[in-house]
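Colleague: Give me a 3D structure for the following:
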Amino acid sequence: MGFGDYIEVGKMDELGRNDSPIHRLDARVKILTTVAFIMVVMSFGRYEVSPLMALFIYPFGLLAAGNIPAGYLFKKVAIAAPFAICVGMFNPVLDRTAMGILFGHPISAGWFSFASILVRFSLTVSAGLILIASTGIHRLCEGLQRLGIPRVFAVQLLFLYRYFFVIADEGHRMLRAVEVRSAGTRHLGLATYGTLLGHLLLRSIDRAQRIYRAMVSRGFDGAVRAGLSVRAGAMELPGWINGAYLGGWCLFFLLARYWNFAEAIGNHL
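Modeller: Numbers count the residues shown, from 1 in each chain. A predicted model of the protein is given here:
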């Protein structure tokens, strides 16, 4: 992953400033809906794959309603996909119990569990990314606080998001300086990267102290006031629409949890 990939993550917050029916929903409603979706996805058994297919309606529906670029979202999911692959890549080898037949060849249970991990990963990560892209980090943190999350947690989450890009920029400049001084050597060695990480940690601590002192001198009292609120005034949709959004999606999640839409459609065809 290059430096450009890190900086591009900031576009997620830019997308949160767009205007669409999804963006105008109450942030708390979107948070609760996303949490309910993730809980339902994770409640499926390790070998269940086809029942999960119907749940893709949720992220694809929000992408369309929120005018969120699908290609950009898929790219972000693909960046994190290696972690999910590493979790389940050995399942086909360790779990060889036959569970199905494809083109006359038996399929082991390990392949089903591996596919289930990838599908659940895609669903949950895309739901989280869409939540940020349709809400914005400031409204998201304020919505968490309005839901009862401790203020210190919401503020720390906001700072983590904001200063991640500052640290990424610092690391990029350090790496570029080393490459310039290494006469074009492409492979610097683990020792060099370890030293860079150590210096980056020290610089991060020093910068954090300077930023905190500057914030305190300007009256920081532990609360971040960004000029945005969960209720966006005239832009906010009526309360009954927010309630219908939450209730409708939760009803769909429950139906998808206990009724296999993919199997029902397959049998009908």
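Colleague: residue boundaries of the strands in the chain?
Modeller: Along the chain, counting by DSSP state E, strands occupy 98-102, 105-108.
Colleague: deepest of these, which one?
Modeller: Sort the strands of the chain by mean neighbour count, taking mean count of other Cβ atoms under 10 Å, and strand 105-108 sits at the top with a mean of 13. Bear in mind the C-beta positions are built from the backbone N, C-alpha and C, glycine included.
Colleague: Just the CA atoms of it, as CSV, please.
Modeller: C-alpha atoms of strand 105-108 as CSV (Å, rounded to 0.1, in the frame of the first residue of the first chain):
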residue,chain,number,x,y,z
HIS,A,105,-16.2,-33.2,-7.5
PRO,A,106,-16.7,-33.2,-3.8
ILE,A,107,-16.2,-29.9,-2.0
SER,A,108,-14.7,-29.9,1.5
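Colleague: Please work out which residues outside it touch it.
Modeller: Residues outside strand 105-108 that contact it (Cβ atoms under 8 Å, 6 or more residues apart in numbering): Pro92, Asp95, Arg96, Thr97, Ala98, Met99, Gly100, Ile101.
Colleague: now do 10 Å
Modeller: Strand 105-108 is touched from outside by 91-101, 114-115, with contacts defined as Cβ atoms under 10 Å, 6 or more residues apart in numbering.
Colleague: quick one: which of those residues is nearest to Gly71?
Modeller: Nearest to Gly71, judged by Cβ to Cβ, of the contacts of strand 105-108 is Ala115 at 23.3 Å.
Colleague: gap between the closest one and Ser122?
Modeller: Per Cβ to Cβ, to the nearest Å, Ala115 is found 11 Å from Ser122.
Colleague: what's the answer for Arg28, then?
Modeller: In this view, Arg28 and Ser122 are 25 Å apart by Cβ to Cβ.
Colleague: Equivalent analysis for Asn67, please.
Modeller: In this view, Asn67 and Ser122 are 21 Å apart by Cβ to Cβ.
Colleague: So between these two, which is more surrounded?
Modeller: Comparing Asn67 with Ser122 by other Cβ atoms under 10 Å, the one with more neighbours is Ser122, at 20 against 15.
Colleague: wait, isn't that one in contact with Ala84?
Modeller: Yes. Counting by Cβ atoms under 10 Å, Ala84 is a contact partner of Ser122 at 8.1 Å.
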